[in-house]
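# generate coordinates for the sequence data below:
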Amino acid sequence: MSDIKKITTPVSKDVLTSLRAGDSVLLTGTVYTARDAAHKRFLECIHNKKPLPLSLHNEIIYYCGPTPGAPNRCIGSAGPTTSSRMDIYTPELIRSTGLSAMIGKGDRSVEVIDAVKECGCVYLAATGGAGALISSYIKSSQIVCYEDLGPEAVYKFEVESMRLIAAVDTLGNDLYKSGPMEYLASIK
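Below is the predicted model:
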């Protein structure tokens with residue numbers, strides 16, 4: 001296991017290219033939530049040559065639909081959504097916006113990994129099933145756009161030391177492929 005990489009947004013290309021699949025990451029700064037309904041609207045803007053409601057250049061999208069917060073909490077559960085749901089939108093979004101990174105859970109399609117390599121961004125994995133724990137890293141939350149989508153609205157989160165793992169690096173190394181192979185080799 002590698003040392004923990006502390007990353008603060010905005011993330012420079014130098015930091016992105018230094019990450020390797022399997023690296024542990026502590027992320028601090030701004031991330032935006034977006035799930036499939038928001039991704040669809042982003043691409044409608046791009047296809048219609050209209051500006052997006054926020055700039056995604058050098059930003060990080062977290063695939064998450066948070067729940068409302070309890071009293072004195074800015075957010076409720078904020079666990080990752082299965083990333084493959086966004087795969088039909090992601091390659092074009094990466095190429096069109098200059099997105100730096102995505103956070104979610106689960107493996108990605110070949111098309112997404114190709115766009116990640118081509119554009120020098122990364123895919124970070126959050127622990128599924130740990131939405132209440134992940135919400136403790138979120139220090140503030142506000143809706144940015146698409147409020148009509150309810151929990152699928154785009155939120156701006158300020159996070160502090162959010163624990164993640166680099167799942168796909170800028171070279172296209174994929175922990176979801178290499179991890180099981182390394183494990184199987186270790187038990188032989």
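
# what segments of this structure are helices?
Counting by DSSP state H, residue ranges of the helices within the chain are 13-18, 36-47, 90-97, 110-119, 131-135, 175-186.

# check which residues of the fifth one are buried.
Going by neighbour count (16 or more other C-beta atoms under 10 Å), the buried part of helix 131-135 is 131, 134-135. For every residue, glycine as well, the C-beta is placed using N, CA and C.

# what about residue 57, distance to residue 97?
6 Å (C-beta to C-beta, to the nearest Å).

# hmm, I typed the wrong one, I wanted residue 34.
If you go by C-beta to C-beta, the gap between residue 34 and residue 97 works out to 11 Å.

# ok, residue 76 touching residue 136?
No - look at residue 76 against residue 136 with C-beta atoms under 8 Å: they stay out of range, at 11.3 Å.

# mind naming the longest strand for this protein?
Longest strand in the chain, counting residues (DSSP state E): strand 154-168.

# follow-up on the earlier one: can I get the buried residues of helix 131-135 in a markdown table with pLDDT and distance to residue 104?
Below are the buried residues of helix 131-135 laid out as a markdown table (pLDDT from 0 to 100; distance: C-beta to C-beta, whole Å):
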| residue | pLDDT | distance to residue 104 |
| --- | --- | --- |
| 131 | 80 | 13 |
| 134 | 88 | 12 |
| 135 | 88 | 16 |
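
# closest one of those residues to residue 13?
Set against residue 13, the nearest of those by C-beta to C-beta is residue 134 (26.3 Å).

# list phi and psi for the closest residue to the closest one other than its chain neighbours.
Nearest non-adjacent residue to residue 134, counting by C-beta to C-beta, 6 or more residues apart in numbering: residue 78, 5.1 Å away. Here is the backbone geometry of residue 78 (degrees, to the nearest 10): phi -140, psi 50.

# correct me if wrong: residue 78 contacts residue 68.
No - with contacts counted by C-beta under 8 Å, residue 78 stays clear of residue 68, the gap being 10.9 Å.

# give the residues shared as contacts by residue 34 and residue 97.
residue 42 (C-beta atoms under 8 Å, 6 or more residues apart in numbering).

# which one of those two has more residues nearby?
residue 34 (30 against 20; other C-beta atoms under 10 Å).

# what residues does the more buried one make contact with?
42, 61-63, 86, 154.

# and the end-to-end length of stretch 106-113?
13 Å (C-alpha to C-alpha, to the nearest Å).

# list the buried ones in it?
Under 16+ other C-beta under 10 Å, the buried positions of stretch 106-113 are 106-108, 112-113.
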